[in-house]
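[1] generate a structure from the sequence data that follows.
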Amino acid sequence: MLIGLVRFYQYAISPMFPPACRYTPTCSTYMIEAVKKHGPAKGGWLGLKRISRCHPWGSSGHDPVP
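    Numbers count the residues shown, from 1 in each chain. This is a model prediction of the structure:
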């Protein structure tokens, strides 16, 4: 279910905005990988923490799923 919501965002909402990702992989890809690796609770939490770090004053670069 959570992965389905992220996929919906990737295909329906994300194309309407210019690319502005500060991290690799992108936050949506990170969320999917985290949910697959750690399950919906912990993976969802890791994804939300990652999204919260994505702002102009945050860091950037390669940030793989732990």
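
[2] list the contacts for G43?
    Residues in contact with G43 (Cβ atoms under 8 Å, 6 or more residues apart in numbering) are L2, M31, A34, V35, K36, K37. From N, CA and C alone the C-beta is placed, and that goes for glycine too.

[3] how near is the most far-flung residue of the chain relative to its centre to E33?
    Here the chain has its C-alpha centre computed as a mean, and the residue farthest from that point, by Cα atoms, centre = their mean, is W57 with 17.7 Å. Distance from W57 to E33, counting by Cβ to Cβ, to the nearest Å: 25 Å.

[4] again with G44
    From G44 over to E33 the distance is 12 Å, taken as Cβ to Cβ.

[5] same thing with K49?
    As judged by Cβ to Cβ, K49 and E33 stand 14 Å apart.

[6] try W45
    Distance from W45 to E33, by Cβ to Cβ: 14 Å.

[7] neighbour count winner among these two?
    The residue with the greater number of neighbours, taking W45 and E33 and applying other Cβ atoms under 10 Å, is E33; the counts read 16 against 12.

[8] would you confirm that the more buried one contacts V65?
    Yes: with contact defined as Cβ atoms under 8 Å, E33 and V65 form a contacting pair (4.6 Å).
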